[in-house]
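Asks: Requesting a structural model of the entry that follows:
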Amino acid sequence: MPNARNRKAMKKKKEAERAKALEAAKRLKASRKEEAKEAGADSGDSKKTAATSSYQKPLPLEKLQEIIATAHEKLFRRFTPDEHKKLHEKYAAGEPFPHLQLENFLNDDFARLLKDELLHEEFYQKSNDLYDFSQTKDLRNCNQPLISKFKNIVAEFSEDVKAITNAKLETQFDLFGAIYSKTCKLLCHDDRMPGRKIAYIYYLVPEDWGEDDGGALDLFHTEGTGGRNDGNFRPVSVAKSVLPKWNSVIFFEVSRKSFHQVNEILSKKARVSIAGWFYGPTIDSKTEVTLPQPIYLAPSSSQDQPLPSSSSSSSSSSS
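Replies: Numbers count the residues shown, from 1 in each chain. Got it, this is the predicted structure:
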């Protein structure tokens, strides 16, 4: 039994947490009103404005406070061992390489607040021959309340991912926010870097996102390079296009065959996501990571359209 001093300290701690939650809720509510005014002013092609102009009906202040104060374990559902087995079968059967998309990943109210908070982070334009989008710095260093809760969720979710994929994962993972607005894209690449085992993307796109908006995650068929039995592959055609869905997460194995791209955004809607990688021990220390010449392979065309070689590539591009 805690003594009087401990009880007093615990009470003081809880009061401080409630005060912090209330302050964060008020800040988010005020921010939503301010952003809604800016969105109504139609301020042009700003990527930040495009992302923040699609707010849903604001939640009551009490609901904001409740969500912010909720333990992260209650904001998403862990899977049972039996569910892990069934999901593993779906994941392993994924073509052209193992992958799985899960819908309704988080508590819906929490997801909306998380998006609001994410869009108040600094985004930096990243652009070269291979990609064009905006990205945050590593969110593992972010101390905002909802993003911090999301970090805890990702850490817990890694245990589910480990069971579903049978991958040997460590505790390390990356966490970046990304905004793709009209004409943005990420061309074909395989995500291979030392230690990367599983890539994941959590989508915070508008609920009415459709094929006409673009931004699908294209997964590629591959073939061996030059007929050599060297274990290397190159992309040849789009095998599957996965449309972003609100509050869904997709993850896939990172390998020599995991070529994918983010198709060009065709509408004024913003493709907002949080993405990164789960890491594990490097099995083949002799593996050389190569960044191929950027190639755009459109789903509707069988013709490859090579682009000029890029002199630099990023190791933190978010799909």
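Asks: rest of the way, CA atoms for contacts and neighbours
Replies: Will do.
Asks: Tell me where the stretch 101-250 of the chain has strands.
Replies: 124-127, 131-135, 176-180, 185-189, 196-203, 217-224, 233-242, 248-253 (DSSP state E, counting those that start in this stretch).
Asks: which one of those strands lies closest to Thr80?
Replies: strand 248-253 (17.9 Å; Cα to Cα).
Asks: partner strands of that closest one, parallel or antiparallel?
Replies: strand 99-102 (antiparallel), strand 196-203 (antiparallel) (DSSP bridges).
Asks: what would the strands of the stretch 101-250 of the chain look like in JSON lines with mean pLDDT, distance to Leu113 and mean neighbour count?
Replies: Formatted as JSON lines, these follow (pLDDT from 0 to 100; distance: least, Cα to Cα, whole Å; neighbours: other Cα atoms under 10 Å):
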{"stretch": "strand 124-127", "mean pLDDT": "93", "distance to Leu113": "21", "mean neighbour count": "14"}
{"stretch": "strand 131-135", "mean pLDDT": "95", "distance to Leu113": "19", "mean neighbour count": "22"}
{"stretch": "strand 176-180", "mean pLDDT": "97", "distance to Leu113": "14", "mean neighbour count": "26"}
{"stretch": "strand 185-189", "mean pLDDT": "95", "distance to Leu113": "26", "mean neighbour count": "24"}
{"stretch": "strand 196-203", "mean pLDDT": "97", "distance to Leu113": "14", "mean neighbour count": "24"}
{"stretch": "strand 217-224", "mean pLDDT": "93", "distance to Leu113": "25", "mean neighbour count": "21"}
{"stretch": "strand 233-242", "mean pLDDT": "94", "distance to Leu113": "25", "mean neighbour count": "19"}
{"stretch": "strand 248-253", "mean pLDDT": "97", "distance to Leu113": "15", "mean neighbour count": "21"}
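Asks: how about Glu223, what does it touch?
Replies: Phe233, Arg234, Pro235, Val236 (Cα atoms under 8 Å, 6 or more residues apart in numbering).
Asks: mind running it again at 6 Å?
Replies: Contacts of Glu223 were listed using Cα atoms under 6 Å, 6 or more residues apart in numbering, and they are Phe233, Arg234.
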